[in-house]
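Participant: Here you go, sequence then predicted model.
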Amino acid sequence: MATLTAEYKKSVKKVPVKGMMDNVMEQFNSAADQINLHPNIKKILSITNNEIIVNFPVKMDNGDVEIFRGYRVQHNNALGPYKGGLRYHPTVDIDAARALAMWMTWKTSLAGLPYGGGKGGIQLDPSKYSQGELERITRRFTFALADNIGPEHDIPAPDVNTNSQTMAWMADTYMSTRPPAERTANQHVVTGKPDGSGGLEGRDRATGFGVYLTIKFWAEKNNIKLNGKKYIVQGFGNVGYWASYFLEQDGAKLVAVQDASGSIENQKGISVADLFAYTKAHKGSLLGFPNAKVLDNDDFFATDCDICIPAALGNQITAENAYQIKASLIAEGANGPTNVEGENMLLERGITIIPDILCNSGGVIGSYFEWLQNRNGELWQLDEVMVKLEKKLKESFENVYKYAEDKAMDMRTAAYCIAIERIEKAYVQRGIFP
Ligand code: NAD
């Protein structure tokens with residue numbers, strides 16, 4: 001178990017938090033050096049293929065028109081159509097979309113899927129809009145993206161503050177604007193749809209289940225029992241909730257949670273079902289949850305625990321707080337939650353990180369199953385989905401774990417190396433047009 005020492009505290013330098021793009025590029029460059037990536041391929045993968053910015057008007061409930069700005073960045077499609085989520089959050093901008101799109105390229109490649117990487121969203125705070133306004137914003141955004149997305153070209157999915165309802169509106173808008181004969185053949189333009197509208201049974205839990213599985217696989221490799229282990233979760237949305245749900249079933253104890261509204265702690269354990277019911281009844285917020293004490297947000301990562309699951313936003317674990325972390329394992333449910341300086345401090349302290357592109361890849365694997373189901377006109381059962389998901393994640397985890405052991409490197413660098421080597425192979429075989 002990692003402990004906090006006075007030396008570590010003293011050694012902390014105040015390093016400014018860099019943007020996510022700096023982070024993903026540093027991670028990419030370091031892996032590229034490890035595998036001696038051909039300079040031409042390095043050039044191609046260092047840039048994004050397409051960056052789409054759309055400004056569009058939406059009529060608000062009070063009759064006023066508001067202008068929104070939406071982004072879709074398509075990083076690379078050497079392995080297949082662009083794939084990645086759409087996020088509705090005040091932090092969405094072109095830089096965040098670029099970084100998140102790149103992460104998707106590595107993630108889909110690592111998982112062995114026939115996809116490239118894309119990401120996007122709208123810079124807004126959804127809590128400020130009614131359900132009707134969010135529906136009109138989503139439909140108009142889909143219309144503005146028009147032919148830049150498509151079931152064989154670029155396939156969005158849910159991300160922070162978007163969900164199966166958002167995807168249902170997107171699918172309906174996209175299909176409604178196609179010629180009649182093409183409409184129903186286009187429902188796989190987005191994944192993460194509700195299960196009554198072409199969605200996959202179990203897609204809701206796929207990411208969190210994957211986070212849990214990678215923790216379980218790591219624990220098995222290290223002869224650690226999850227029963228009785230304490231874990232903390234940042235973000236109690238789709239990913240944080242489902243990861244907590246499965247960990248609790250294995251006897252692990254949720255001791256602290258942070259969401260956008262604040263932080264809570266109870267070292268005796270927080271019931272996942274009770275907290276879920278509470279947040280559902282309180283607009284997604286944990287504020288005021290009875291069976292826990294309120295924790296200062298700045299103290300959250302210092303909470304006594306064995307496993308830490310950042311499942312909210314990027315750049316959360318940095319040099320500012322990495323020295324405080326007591327967990328011996330970080331399982332990255334979110335995309336890019338640990339920056340390079342934070343990661344270096346954690347690795348120096350012997351803390352293991354299951355990197356985002358492996359840890360949260362259950363989501364995109366579930367999305368791939370949904371896409372296949374729609375494309376082939378099939379309907380898969382929940383138990384079948386969960387078995388397939390576990391098989392695919394086990395393969396990915398074993399590949400990364402072995403690569404890291406063989407080459408004596410951390411799991412993130414290993415995951416990047418595997419992902420980049422697969423893309424490099426496609427370029428070498430195909431060559432560069434013309
Ligand atoms: P969500 O919208 O369902 O939940 C987000 C949670 O984060 C909420 O509890 C919110 O209160 C909390 N949050 C927001 N801002 C915060 C802040 N400043 N501090 C602390 N908590 C904050 O989103 P999600 O789908 O669970 O996604 C969470 C993360 O997982 C994102 O980084 C996303 O990119 C990543 N991810 C999601 C999926 C998926 O399938 N949904 C797949 C892979 C990766």
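Facilitator: That came in fine, so what should we check first? Residues are numbered from 1 along each chain as shown.
Participant: residue contacts, the residue of the stretch 1-150 of the chain found nearest the ligand?
Facilitator: Residue nearest to the ligand within the stretch 1-150 of the chain: Gly85 (6.0 Å; Cβ to the nearest ligand atom). Where you see a C-beta, it was placed from the backbone N, CA and C, and this is true even at glycine. The neighbourhood of Gly85, defined by Cβ atoms under 8 Å, 6 or more residues apart in numbering, consists of 100, 104, 119-121, 156-160, 162, 192.
Participant: elements contacting the lengthiest helix in the chain?
Facilitator: In the chain, taking DSSP state H as the definition, the longest helix is helix 382-407. Packing contacts for helix 382-407, counted by 3 or more Cβ pairs under 8 Å, 6 or more residues apart in numbering; DSSP states H and E, involve helix 94-110, helix 203-221, helix 356-359, helix 362-375, helix 411-430.
Participant: Out of those, which gets nearest to Pro39?
Facilitator: helix 411-430 (11.5 Å; Cβ to Cβ).
Participant: The contacts of Gly85 also near the ligand: which ones?
Facilitator: 158-160 (Cβ under 6 Å from any ligand atom).
Participant: I'd assumed Ile418 was in contact with Ala404.
Facilitator: No: at 9.8 Å, Ala404 does not count as touching Ile418 under the criterion of Cβ atoms under 8 Å.
Participant: of those two, who's got more company?
Facilitator: Set Ala404 next to Ile418 and count neighbours by other Cβ atoms under 10 Å: Ile418 wins out with 23 against 19.
Participant: if I pick that one, what's in contact with it?
Facilitator: Counted by Cβ under 8 Å, 6+ apart, Ile418 has contacts 109-110, 399-400, 403.
Participant: Now render those as JSON lines, adding pLDDT, neighbour count and distance to Ala277.
Facilitator: Below are those laid out as JSON lines (pLDDT from 0 to 100; neighbours: other Cβ atoms under 10 Å; distance: Cβ to Cβ, whole Å):
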{"residue": "Ser109", "pLDDT": "98", "neighbour count": "27", "distance to Ala277": "39"}
{"residue": "Leu110", "pLDDT": "98", "neighbour count": "24", "distance to Ala277": "35"}
{"residue": "Asn399", "pLDDT": "98", "neighbour count": "17", "distance to Ala277": "38"}
{"residue": "Val400", "pLDDT": "98", "neighbour count": "26", "distance to Ala277": "36"}
{"residue": "Tyr403", "pLDDT": "98", "neighbour count": "17", "distance to Ala277": "42"}
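Participant: thinking again about what came up before, got the contacts of Gly85 as CSV, with neighbour count and secondary structure columns?
Facilitator: Formatted as CSV, the contacts of Gly85 follow (neighbours: other Cβ atoms under 10 Å; DSSP: H, G, I helix; E, B strand; the rest coil):
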residue, neighbour count, secondary structure
Leu100, 28, helix
Met104, 27, helix
Lys119, 31, strand
Gly120, 31, strand
Gly121, 27, strand
Pro156, 30, strand
Ala157, 26, strand
Pro158, 27, strand
Asp159, 25, coil
Val160, 24, coil
Thr162, 26, coil
Gly192, 30, coil
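Participant: Break this structure down into its domains, please.
Facilitator: Listed by automatic domain parsing, the domain ranges of the chain are 1-40+202-360+383-434, 48-186.
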